[in-house]
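Q: sequence and predicted structure below; questions after.
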Amino acid sequence: MYLSVRNDSFQFFYYYSGCCFQHVTPLLGRHLFGAISLQRCKQTMTCTSSLICNCCWRTGNNSFCEAVTKCNRNRWGIRLSPSRNNRKIYCQCRSMQITVEEQQQQQRSVCTLQFKNVGLDVGKVPIIRDINFSLFEGEILCLLGPSGSGKSTILRIAAGLTRPTEGFVYYQGKELIGINEGAAIVFQNFALFPWLTVSENVELGIRGTKSKIQRKAKAEKAIDMIGLDGYENAYPKELSGGMRQRVGFARAIAVEPELLCMDEPFSALDVLTGENLKSELLRLWQAGEIPTKSILIVTHSIEEAVGLADRIIILGKDPGHIRSLLRIPLSHPRDRKSRSFQNLIDQVYTLLSRPDATCLTEGIPVMASKKLKNTFSAPSTKLVSQESSKYPTLPSVRIGSVAGLLSFFGDERVIDLYRLGQRLQLDVDDLYPLLEAGVILNILKVTEGDVMLTDQGSRFSVASIDDKKSMVREALLQSEGARLIQQIYWLLRQTKRVHRVPEELILDTILEKYFSPSESRRQLEVAIEWGRYAELFGYDAPSGELFLDEDPQQGE
Ligand SMILES: Nc1ncnc2c1ncn2[C@@H]1O[C@H](COP(=O)(O)OP(=O)(O)OP(=O)(O)O)[C@@H](O)[C@H]1O
C-alpha cells in the first residue's frame, strides 16, 4: 500500500488479491473528510468524523476496513496491515512527511503500460521476441539498443500503431487493442504537415468530438506551454529544426496524453537545441504542468538515457529482445560530471558492448558487470545466453573503418569505451558496430567497459596491406560471428566449374529466412564488402553474381 499527498487530498493506493485499489480523501484544512470513492468497485462512501475517518467496504467476498488517523499536529498517517480474522486491514499512524521523490517513487507502483511476452513477426521474419516490461506512473523509461533491435517497433506497439503477433499489451490494466487513445507520439523527423500552420498542425492531433473553439483553445495552451507563442500562424518551412520539434511536442501535449511516446525526439537537432528542449520538457514533466503520467522514449544516446530515465531497457537484436533492465538511481537535475553519472554511463556502455552477456532480473533490475555491482543493490541477477540465430548479424561497417579505429589506440592497449566514443566523437550506435566487427576479426576484445587490443590487433595495426588481408581472411573463416561469409564461401566452392552464384540465390535461400528483405540486402552488401577485402570472393555487379576469388583446386 502506499499513499501520496496532493495539495488538497490524500491519495491511497494499495494492492489486495492482486488488484489495485485507489481512493482519494479530500483534505480540508487539517481535517480529513469522507467522500471516498473506490475506483475499482465503483462504490462511493461517506465518512463521518473530521479527525478520525473509519470506513469499510466490500468487494466481492473481500471485506476491508480502514481508518485514517491524525496522530499529532500536521502529521497524518496510515499503514495497513491485514489481520487474520475477517480480513480486516487496520491503519496505524506514520509520519506523512513524504518528499516529492518518495511520492514519485510511490506513484511508480501504478502501472500505465505493460508488455507481456510480446513478439512481432513480419511474414516469417521475427522482429521482436519475448518483450516483457512494465511502465509505471511517474516514470521515464528509455529504450536503448543498436539499430534494428526493435526500439521503434516497441514504441509503435505501445501507441497501438502496430499490433503484435504474440503476447499481450495492457494499457491502464486493460488489453490494448487498436490505437492507444491515451498515448501520443513525438517523432524524430517532426512529421509536420508543411501546408498547415503551427496552430493547425497542433490542432490536428486533438482527438474526440471537441468543437473548433475547444480544439483551438487546447492547441493555444500547448503552443504557449512549449514556448511557441507568436508562431501560431507560421508554416513549418519558416521554422528552425528546434522550433519544428517544438511543434511536434506541442501537438503531442495538446492531446493531453497520459503516455508520451518519443522516438529519438532530439536526435535531429543540434546539441544545444536538443539539450534546451530536453530540459524544458523535463521541467514541464516534473512540475506536473503536463498531464502525462509516464514517458517512453527511444534513444541512441547513452548520455541522454542516463540523463533522463528512471529505468533503461537495453535491447539486443536478431530478433529484438530485452537484454537488461537498468535502474538509474539519480534524482533530477542530474550532474553529468558527477562520478555516479559517469559510472552509470560506463556501465551502460559495457552492457551495450557485450552482446554475449544478457542480464535479466525479475521485476526491478539489475547489473551485469562488476562495476554495476558497486552501484546497485539488486536482489538477484541471472545471466542467460543470447539466443543465437543461424547467422549472426554482420555489423554494417567497412573493414577499413575498423582498421582506422586501431590508430586511435596509439601506444595504449586498453581504452575506456566511453572515452573512446568521445575521442572518436561517435555515438554508441556508431561505435558499437565497429567494436563488433573488431571482435569478429579477433583484433579487439571488449571487457568491463574497456576495449582492448588483442595480440592479433597489435600485429594487425602495423601489418602490411597483404598481411592485413590474410589476417582478416583467417579470422573470417574461423569466427562464429562470420558464419554468413563462411556459408557463402562454402557455397561458391561447392558449385562446379564456374564457382559463381547469383545473389538472388543467397538472398532467397540463406538470408530472407532469417532477416527482413531490407536487412537481407544489407547483410549481403556487408558480406560482399568483407569477402572482397579478404579476397575470399568477389562480386560482379552487371550479372549480380558472386564468384570465388581463387581456384579451389589450388587451396587443396
Ligand atoms: N514492417 C516491417 N517489415 C519488415 N521489416 C521490418 C518492419 N518493421 C521493422 N522491421 C525490421 O525490424 C527491425 C527493427 O526495426 P526498428 O525500426 O524497430 O528498430 P530500431 O531499433 O528502432 O532501429 P533504428 O535505431 O535503426 O531506428 C529492423 O531490422 C527493421 O528492418
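A: Nice, thanks for sending it over. In this text the structure is predicted, and so the values were computed from the model without any measurement.
Q: now the most centrally placed residue in the chain: how far from the ligand?
A: Nearest residue to the geometric centre of the chain (Cα atoms, centre = their mean): residue 143, 0.5 Å. Counting by Cβ to the nearest ligand atom, to the nearest Å, the gap from residue 143 to the ligand is 8 Å. From N, CA and C alone the C-beta is placed, and that goes for glycine too.
Q: ok but that residue is inside a strand, no?
A: Yes - per DSSP: H, G, I helix; E, B strand; the rest coil, residue 143 lies within a strand segment.
Q: who is the closest residue to the ligand within the stretch 251-400 of the chain paired with across the strands?
A: Using Cβ to the nearest ligand atom, the closest approach of the stretch 251-400 of the chain to the ligand is made by residue 320 at 5.8 Å. Beta-bridge pairing for residue 320 (DSSP bridges): residue 128.
Q: sketch out the low-pLDDT regions of this protein for me.
A: Along the chain, the model assigns pLDDT under 70 to residues 1-109, 207-210, 354-389, 428, 448, 551-556.
Q: how does it divide into domains?
A: 2-98, 185-256+259-287, 399-548 (automatic domain parsing).
Q: does the ligand sit close to the second one?
A: When you say that, I think you mean domain 185-256+259-287. No - Domain 185-256+259-287 lies apart from the ligand when judged by Cβ under 6 Å from any ligand atom; the minimum separation is 7.3 Å.
Q: residue 157 and residue 489, how far apart?
A: 39 Å (Cβ to Cβ, to the nearest Å).
Q: now residue 405
A: 25 Å.
Q: so what's the residue nearest to the centre of the chain up against?
A: 151, 154-155, 296-299, 313, 315 (Cβ atoms under 8 Å, 6 or more residues apart in numbering).
Q: quickly list what it is bridged to.
A: Where residue 143 sits in a bridge, its partners, by DSSP bridges, are residue 298, residue 313.
Q: mind listing the strands for the stretch 51-200 of the chain?
A: Remark: strands assigned in the stretch 51-200 of the chain by DSSP state E, counting those that start in this stretch are 52-59, 62-72, 75-77, 80-82, 89-91, 111-122, 125-136, 139-144, 166-171, 174-175, 183-186.
Q: count the neighbours of residue 544 for me.
A: Applying other Cβ atoms under 10 Å, we find 10 residues neighbouring residue 544.
Q: wait, isn't it in contact with residue 502?
A: Yes - using Cβ atoms under 8 Å, residue 544 and residue 502 qualify as a contacting pair, with a distance of 6.0 Å.
Q: strands of the stretch 201-350 of the chain, start to end?
A: 259-263, 294-299, 311-316, 321-327.
Q: in a markdown table, list those strands along with mean neighbour count.
A: A markdown table is the format used below for these (neighbours: other Cβ atoms under 10 Å):
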| stretch | mean neighbour count |
| --- | --- |
| strand 259-263 | 25 |
| strand 294-299 | 26 |
| strand 311-316 | 24 |
| strand 321-327 | 24 |
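Q: how about CSV for those strands, with distance to residue 237 added?
A: Putting those into CSV (distance: least, Cβ to Cβ, whole Å) gives the following:
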stretch, distance to residue 237
strand 259-263, 22
strand 294-299, 27
strand 311-316, 35
strand 321-327, 40
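Q: among those strands, which comes closest to residue 349?
A: Across the strands of the stretch 201-350 of the chain, residue 349 has its closest neighbour in strand 311-316 (10.6 Å, Cβ to Cβ).
Q: any residue of the closest one up close to the ligand?
A: No - if you take Cβ under 6 Å from any ligand atom as the test, strand 311-316 misses the ligand, and the best it gets is 6.8 Å.
Q: on contacts alone, who are the packing partners of that strand?
A: Secondary-structure packing of strand 311-316 (3 or more Cβ pairs under 8 Å, 6 or more residues apart in numbering; DSSP states H and E): strand 139-144, strand 321-327, helix 339-353.
Q: name the helices or strands packed onto the second one?
A: Translated: strand 321-327. Using 3+ Cβ pairs under 8 Å, 6+ apart: strand 321-327 touches strand 125-136, strand 311-316, helix 339-353, strand 357-360.
Q: now do the contacts for the residue lying closest to residue 503 once chain neighbours are set aside.
A: Computed as Cβ to Cβ, 6 or more residues apart in numbering, the closest residue to residue 503 that is not its neighbour in sequence is residue 544, at 4.9 Å. Contact analysis of residue 544 by Cβ under 8 Å, 6+ apart lists 502-504.
Q: just the ones of these in helices?
A: Counted as lying in helices by DSSP state H, out of the contacts of residue 544, are 503-504.
Q: nearest to residue 248 among the contacts of residue 544?
A: residue 503 (39.9 Å).
Q: verify the stated contact: residue 307 with residue 336.
A: Yes - using Cβ under 8 Å, residue 307 is in contact with residue 336, at 6.7 Å.
Q: comparing those two, which residue is more hemmed in?
A: Each of residue 307 and residue 336 has its neighbours counted (other Cβ under 10 Å); residue 307 has more, 23 against 11.
Q: who's in contact with the closest residue to the more buried one other than its chain neighbours?
A: Leaving aside its chain neighbours, residue 307 sits nearest to residue 334 (5.6 Å; criterion: Cβ to Cβ, 6+ apart). Neighbour list for residue 334: 306-307, 341 [criterion: Cβ under 8 Å, 6+ apart].
Q: kindly reformat those residues as a markdown table containing distance to the ligand.
A: Formatted as a markdown table, these follow (distance: Cβ to the nearest ligand atom, whole Å):
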| residue | distance to the ligand |
| --- | --- |
| 306 | 18 |
| 307 | 19 |
| 341 | 24 |
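Q: between those residues, which sits nearest residue 444?
A: residue 306 (24.2 Å).
Q: count of neighbours near the closest residue to that closest one other than its chain neighbours?
A: Of all residues beyond its chain neighbours, the one nearest residue 306 is residue 344 (4.9 Å), with distances taken as Cβ to Cβ, 6+ apart. Using other Cβ under 10 Å, residue 344 has 28 neighbouring residues.
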